[in-house]
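Participant: Take this sequence and fold it.
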Amino acid sequence: MSRLALSYNALDDGAIVKSFSTLTRLRYLNLKGNLLTQFPEAVSLLRMMGNVADEQLTHMEGLEILDLSKNNITAFPEVPNKLINLKVLSLTHNGIYTLPTYMTSFENLKVFKVASNPIEWPVRLTSVQRDMANISLEKSWEL
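Facilitator: Numbering: from 1, shown residues only. Here you go, the predicted structure:
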């Protein structure tokens, strides 16, 4: 399976379980319009040294497109893990206030959408903006 669309299914944080991370051929994951308050653990798992069960997981290394828009996510994970491999990341219409400094390490990211979030300005993403083909930050704040 290379594409999985689970949009508008009222999925909460416990719905996307760790076993999702074993979907090695998954390239596109659409979780738009659910009830998520954080990045799904299967997408942002930290590979822990010495933990055999965790080492066996692939952590969705092939994931290229992730749509988490129209959820209730308020923050990025503390560490990016396999998110850095993404080419497209859509987080529009959430409750994100800040963008992490590790965003500058997302070398493959071409489309980054965070419109309609209460992001605190100024956002310091100059090195990322230079390499991205499409960045959507408009209407990400309230006046």
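
Participant: Name the helix or strand of the protein that has the lowest mean pLDDT.
Facilitator: Least confident element among the helices and strands of the chain, by mean pLDDT, DSSP states H and E: helix 52-55 (a mean of 41).

Participant: sec struct for Ala42, please.
Facilitator: Classification of Ala42 by DSSP: H, G, I helix; E, B strand; the rest coil places it in helix.

Participant: tell me the phi and psi of the residue lying closest to it once chain neighbours are set aside?
Facilitator: The shortest distance from Ala42 to any non-neighbouring residue, by Cβ to Cβ, 6 or more residues apart in numbering, is to Phe20 (3.7 Å). Just so you know, the C-beta spots here come from the backbone N, C-alpha and C atoms, and that holds for glycine as well. Here the main-chain torsion angles of Phe20 (degrees, to the nearest 10) amount to phi -60, psi -30.

Participant: May I have the predicted confidence score for Phe20?
Facilitator: What the model reports for Phe20 is a pLDDT of 81.

Participant: wait, isn't it in contact with Ser44?
Facilitator: No: using Cβ atoms under 8 Å, Phe20 is not in contact with Ser44, being 11.4 Å away.

Participant: picking that back up, give me the number of residues near the residue nearest to Ala42?
Facilitator: 19 (other Cβ atoms under 10 Å).

Participant: For it, give me its contacts.
Facilitator: Neighbouring residues of Phe20 by Cβ atoms under 8 Å, 6 or more residues apart in numbering: Pro40, Ala42, Val43, Met60.

Participant: Give me the distance between it and Met1.
Facilitator: Distance of Phe20 to Met1, given as Cβ to Cβ, to the nearest Å: 11 Å.

Participant: repeat for Arg25
Facilitator: From Arg25 across to Met1, the span is 6 Å (Cβ to Cβ).
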